[in-house]
Each structure stands twice: as structure tokens, then as C-alpha cells.
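Participant: got a predicted structure plus its sequence, pasted below:
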Amino acid sequence: MRTDMEAEEIIDMLRDSNQPVPVPLDLPDEDVLVEVEEQILLPIPRDMRTYLLEASDVIYGSLEPVTAADPYSHTYLPEVAAVAWSLGVPRYLVPLCEDNGSYYCVEPEGEVVLWRDGDLTDETWPSVWHWIHDVWLES
């Protein structure tokens, strides 16, 4: 994959893959993301913020990345983060997606890492967009 993959390109791919559901997800606005950041006590990394604002309403494949608009959703970022951190995911990481007890997480600089079986693995992706392309869209 090109390293210059554009967010817009990935968002278009996600939109094209979106599966219709009876109750579609909502997108958050900036105010909602500020509330989420206050709950998790961490800033949301830039690419993850863009994903949440522009594409976190997409339903696709077997993975369910975090969302920020509905506090009652099982994918609500503060809830997913609380569980991940309670299991040992390092507190500086922001969970992006839970997958059978493993967590894809975003580092403050934007790199995506995989936490599995109590430890960080060597699997990484340069950005949320690379992770979406290589992992989620392949799920």
C-alpha cells in the first residue's frame, strides 16, 4: 500500500463498503469528542479524531471499531477504553477496536499497535488509515 494514502480515499472505500443496518450509527461532532476526551483523560490522536468525525458510522465486516456518538453503544470509546485499560492495555494508548480480547490501539503520535495476550505485539500500522485499509476492510 502507498504510504501517502489519503484519509478521503479510505473514507470513500469505507462508505462504499458500508452495510445497511436497521438502526444506523450517528457521527459525533467536535463537542462530543471533547466530552469523550474529558472522560478518557487523553487527547484523541488526529487521524483517529478524523475517523470518528467522518466515518465512525460505517458498519462493515467482522470488526467493530470504537464510536463516540452513543454512550449506550458497546463500541463507545470511553467504555471500550475502561475495559482495555483494566485488562492491562497501557494507559497512554487509545483503543481503536477490540477483537476477541485483543485491542488495536492508537499511540499519541498516531501509529496503530496491537495488544494481545497481555502484551504489545510487533504488529503496527503507520496510521489509522493504514489499519482501516489493511485490517478492517479485510475483515
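Facilitator: Alright, I've got the coordinates.

Participant: which residues of this protein fall in helices?
Facilitator: 7-17, 30-40, 46-55, 77-87, 128-134 (DSSP state H).

Participant: and those, which is most packed in?
Facilitator: Mean neighbour counts were compared across the helices of the chain using mean count of other C-beta atoms under 10 Å; the top stretch is helix 128-134, at a mean of 23. All C-beta atoms are positioned from the backbone trio N, CA, C, and that covers glycine.

Participant: can you show me the CA trace of that one as CSV?
Facilitator: In CSV, the C-alpha atoms belonging to helix 128-134 read as follows (Å, rounded to 0.1, in the frame of the first residue of the first chain):
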residue,chain,number,x,y,z
VAL,A,128,-5.5,4.7,11.5
TRP,A,129,-6.0,4.9,7.7
HIS,A,130,-3.4,2.1,7.1
TRP,A,131,-5.1,0.0,9.8
ILE,A,132,-8.6,0.5,8.2
HIS,A,133,-7.2,-0.4,4.8
ASP,A,134,-5.1,-3.4,5.9
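
Participant: what's that helix packed up against?
Facilitator: Packing contacts for helix 128-134, counted by 3 or more C-beta pairs under 8 Å, 6 or more residues apart in numbering; DSSP states H and E, involve helix 7-17, helix 46-55, strand 112-116.

Participant: would TSV of the helices of the chain with distance to residue 119 and mean pLDDT be doable?
Facilitator: Formatted as TSV, the helices of the chain follow (distance: least, C-beta to C-beta, whole Å; pLDDT from 0 to 100):
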stretch	distance to residue 119	mean pLDDT
helix 7-17	28	94
helix 30-40	22	98
helix 46-55	22	97
helix 77-87	11	98
helix 128-134	19	96
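
Participant: wait, which of the ones you listed is closest to residue 62?
Facilitator: Nearest of these to residue 62, taken as C-beta to C-beta: helix 7-17 at 12.5 Å.

Participant: from the rest of the structure, what touches the closest one?
Facilitator: Defining contact as C-beta atoms under 8 Å, 6 or more residues apart in numbering, one finds that helix 7-17 is touched by 47, 50-51, 54-55, 58, 60-61, 129, 132-133, 137.
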